[in-house]
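Colleague: take a look and give me a structure for this.
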Amino acid sequence: MKRLPLLFVLLLSACSQATTNEQPLFPGDNYRAQSPVRMPEALTGLVDRLRGEGRNPQMHGIYVESLDAAEPIAALNENLTFNPASVVKLATTFAALDRLGPQHRFRTDFYATGPINPRTGELEGDLVLRSGGDPSFSIQDARAVGDELRRLGIRRVSGGLIVTGNFTCNENSRADVSAGVFRRQARIAFRQPTRVEDASFLTRSDQLLLTVESDQLINIVQYLNAHSVNAMADVLATHIGGPAGVQRFLTERVGLPRNAVYISYGSGLEVNRLTARDTVRLLRAYFRWLETRRLNPEAVMSVAGIDAGTLRDRFMDGTFAGSVVAKTGTLHSTDDGVAALAGVMYTRDRGPLLFALFNMAEGRRVLHLRQVQDEFLKQLMLECGGPSRLARHDVAAVAYRPQSKLIPAS
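Modeller: Predicted structure coming up:
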């Protein structure tokens, strides 16, 4: 894979006002030419801090604007491209929800290629696993399948496990590794090894034994983003054309300029590029899409200081807990390290503020930049009248995991 140098950050300059030939489904509102943004004290303090730590302010992209009026609040290098790391997962999940729908459920079907011998408890043939690309298939699902197979009288399989489709289990990105996890957790004895075949392997004579149906996609997305699960995001991206499909979604559907978007992984691994301003535009489109379906931002991202996941230990104190809903991004080696954060913060005087922070570590400690980000946002919220807690947050989401359902064949 071609790796783009960090200098790409400075060479690719982007203006969110740029137009494309396509008619985007989610055009950004109020993205006319903006007057220079007044630098709030929080941003002045941040720049001074970066310089004081020997960092280059040009390696940091920041953009904040009000949700209601799209009024710029703070901006620093907002039109330069940076590596957004796992913030890319917002684009991937948005594209998947738009393509498949919030209520979509994935299916994993299990077939027998031969009869079940009731005397020996052996399936005389292969067990075929046909995956529908469920990114959330878990160890618990594998154990439930094993229990159901034993209920059907199957304790052994004379053939092997045949995997078709894009199968993942327990957040493993490789089908062969996932198949091994399934075999161990299902506790069914196979006489032959696992094979990966294409969909044509199945025939009409093969008998459907059972189906594992996933949770709704909206719940999978919330968990995926809250915990930033790379394998789940990359599998989800396959349903929308992979990284190229995510990139097309951003340019053709969200309306971002082509020369300012580069996606190499749906999870945000390795080299990807977005500007801070365009990331806020993505957030605005995402939130509008959710609103038309009576969903809130916390349906797809975690609430900082409350929900389980990568934001559990951030903004935890009583003043700020529950005032930020966001997606994190972290890379420790690519581009000399990246800390990213994008989402919405709730303030008393200015209402909800959309923000994107892209901080390059310049070969130094990435985790320190999380503290820098949090202190900047806290100070900015205080300048905007203080934080406003998210009163409508559903506490049940704190430890939620996607729940699949096993459906025996009728």
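Colleague: show me where the stretch 101-250 of the chain has its helices.
Modeller: 139-151, 175-186, 217-227, 230-238, 242-248 (DSSP state H, counting those that start in this stretch).
Colleague: okay if I get the ones you listed as CSV plus mean neighbour count, mean pLDDT and distance to A409?
Modeller: C-beta here means a position set from N, CA and C on the backbone, and glycine is covered the same way. Formatted as CSV, the helices of the stretch 101-250 of the chain follow (neighbours: other C-beta atoms under 10 Å; pLDDT from 0 to 100; distance: least, C-beta to C-beta, whole Å):
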stretch, mean neighbour count, mean pLDDT, distance to A409
helix 139-151, 18, 97, 10
helix 175-186, 19, 94, 17
helix 217-227, 24, 96, 24
helix 230-238, 24, 96, 25
helix 242-248, 20, 98, 32
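Colleague: any chance of those in CSV with distance to L43 as columns?
Modeller: Shown next, in CSV, are the helices of the stretch 101-250 of the chain (distance: least, C-beta to C-beta, whole Å):
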stretch, distance to L43
helix 139-151, 46
helix 175-186, 45
helix 217-227, 27
helix 230-238, 31
helix 242-248, 30
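Colleague: and of these, who's closest to R49?
Modeller: When the helices of the stretch 101-250 of the chain are compared by C-beta to C-beta, helix 217-227 sits nearest R49, at 28.6 Å.
Colleague: kindly export the closest one (C-alpha atoms) in CSV.
Modeller: Only the C-alpha atoms of helix 217-227 are listed here, as CSV (Å, rounded to 0.1, in the frame of the first residue of the first chain):
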residue,chain,number,x,y,z
LEU,A,217,-27.2,-1.8,12.7
ILE,A,218,-27.8,1.4,14.7
ASN,A,219,-26.8,-0.5,17.9
ILE,A,220,-23.8,-2.1,16.3
VAL,A,221,-22.7,1.4,15.1
GLN,A,222,-23.0,2.8,18.6
TYR,A,223,-20.8,0.0,20.1
LEU,A,224,-18.3,0.1,17.2
ASN,A,225,-17.8,3.9,17.5
ALA,A,226,-17.8,3.9,21.3
HIS,A,227,-15.1,1.2,21.5
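Colleague: what sits up against it?
Modeller: Residues from elsewhere that reach helix 217-227, judged by C-beta atoms under 8 Å, 6 or more residues apart in numbering: 89-90, 93, 96-97, 100-106, 135-136, 214, 229, 232-233, 236, 295, 298-302, 307-311, 327, 397, 400-403.
Colleague: which stretches of the stretch 251-400 of the chain form strands?
Modeller: For the stretch 251-400 of the chain, the strands defined by DSSP state E, counting those that start in this stretch occupy 274-275, 302-303, 324-331, 338-347, 351-360.
Colleague: for the third one, which strands pair with it and how are they oriented?
Modeller: According to DSSP bridges, strand 324-331 has the following sheet partners: strand 302-303 (antiparallel), strand 338-347 (antiparallel).
Colleague: and the first one, how far out from the chain middle?
Modeller: The reference is to strand 302-303. 13 Å (C-alpha atoms, centre = their mean, to the nearest Å).
Colleague: same thing with the longest one?
Modeller: Mean C-alpha position of strand 338-347 versus that of the full chain (C-alpha atoms, centre = their mean) differs by 15 Å.
Colleague: kindly report the same for stretch 221-237.
Modeller: Relative to its parent chain, stretch 221-237 has a centroid offset of 4 Å by C-alpha atoms, centre = their mean.
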